[in-house]
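Colleague: When you get a sec, could you give me coordinates for this:
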Amino acid sequence: MEVKIFSKFTAELIGTFGLVLFGCGAAAVAGGTTLAETAGLGLLGISIAFGLSVVVFAYAIGGISGCHINPAVTIGVLVAGKISIKDAGVYILAQFIGATLGAFVLSQILAGQLAGFTAGEWAFGSNGWGTGYQNEYGIVAAFLTEAVLTALFLFVILGTTSIVGNGTMAGLAIGFTLLLIHLVAIPVTGTSVNPARSFGPAILAGGLALGQLWLFIVAPILGAVIGAIAWKVVYPSNND
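Modeller: Below you'll find the predicted structure:
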């Protein structure tokens, strides 16, 4: 059965909305106002929140849109030849809208604190680097982390969803990969590997989060292209 493009658009919007609300919400509501304040859930708890978000939406909307919920994933899938340019554009638009709506809802929840809420730098689970952010890594480390981990993420996604992969377990494999990625990258950048996930919170937070947003667009996209190329090299007979 052919799925209409509007259904795919809506599925990607809802999935990305949920990813940002669950993942960034775990950091901002249960952990603190920024990813640097993770005393509540801690590193593992926030990593699990992001990983499980991908798992649940993979099974909820995977049959509709493939559950990309990430512009870097969509671009990687495009490079792999598994989606049309038209559909990729629709997916990416939906992902950015969904992420922004998710960050907006999160901001309204945080604003409901009776004691008052003040959004500081890198609020709402925004990504960043440098002095004052997490363990204060530099721009080179931040870029390398985002690019390499996104490349590995795309390789896993394309491998598990290929004709030689285990489709029924793909959602779990992809979700656990994202969990592992967060365990490594949260202390460095707060973990993006997803331009939309970074865009929504940064738009609401402004300041340094918005000024540093470019890295969390460029590095994941570069990594996604590398990951897709690596998949095509390793799986030359399954590029269909």
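
Colleague: list the buried ones in the helix or strand hosting residue 187?
Modeller: Assigned by DSSP states H and E, residue 187 falls within helix 170-189. Residues of helix 170-189 classed as buried: 170-183, 185-189 (neighbour count, 16 or more other CB atoms under 10 Å). C-beta here means a position set from N, CA and C on the backbone, and glycine is covered the same way.

Colleague: Residue 230 versus residue 159, what's the distance?
Modeller: Counting by CB to CB, to the nearest Å, the gap between residue 159 and residue 230 amounts to 10 Å.

Colleague: Then residue 7?
Modeller: Spatial separation of residue 7 from residue 230 under the definition CB to CB is 31 Å.

Colleague: same deal with residue 207?
Modeller: Applying CB to CB, the value for residue 207 to residue 230 is 36 Å.

Colleague: follow-up on the earlier one: which helices and strands sit right next to the helix holding residue 187?
Modeller: Using 3 or more CB pairs under 8 Å, 6 or more residues apart in numbering; DSSP states H and E as the contact definition, the elements that helix 170-189 packs against are helix 42-65, helix 139-160.

Colleague: Return the most buried member of the ones you listed.
Modeller: Among the helices and strands packed on helix 170-189, ranked by average contacts under mean count of other CB atoms under 10 Å, first place goes to helix 139-160 (a mean of 22).

Colleague: Looking at residue 7 and residue 230, which one has more neighbours?
Modeller: With neighbours defined as other CB atoms under 10 Å, residue 7 and residue 230 compare such that residue 230 has more, 16 against 13.

Colleague: which non-adjacent residue is nearest the residue nearest to the spatial centre of the chain?
Modeller: The centroid of the chain falls nearest to residue 194 when counting by CA atoms, centre = their mean (3.6 Å). With CB to CB, 6 or more residues apart in numbering as the measure, residue 70 is the residue that lies nearest to residue 194, at 4.2 Å, once sequence neighbours are left out.

Colleague: quick one: contacts for that neighbour?
Modeller: Under the criterion of CB atoms under 8 Å, 6 or more residues apart in numbering, the contact partners of residue 70 comprise 16, 95, 193-197, 220.

Colleague: And stretch 125-139, end to end?
Modeller: Using CA to CA, to the nearest Å, the end-to-end distance of stretch 125-139 comes out at 19 Å.

Colleague: That one: how far from the chain's middle?
Modeller: In terms of CA atoms, centre = their mean, to the nearest Å, the gap separating the centre of stretch 125-139 from the centre of its chain is 17 Å.

Colleague: now swap in stretch 205-224 and tell me
Modeller: Averaging C-alpha coordinates over stretch 205-224 and over its chain gives two centres that are 12 Å apart (CA atoms, centre = their mean).

Colleague: which of the residues in that stretch are buried?
Modeller: Under the neighbour-count rule (16+ other CB under 10 Å), stretch 205-224 has 205, 208-210, 212-213, 215-217, 219-224 buried.

Colleague: Not counting stretch 207-218 itself, show me its contacts.
Modeller: Outside of stretch 207-218, the residues within contact range by CB under 8 Å, 6+ apart are 121-123, 126-130, 132-133, 139, 142-143, 146, 189, 192, 194-195, 198-199, 201-203.
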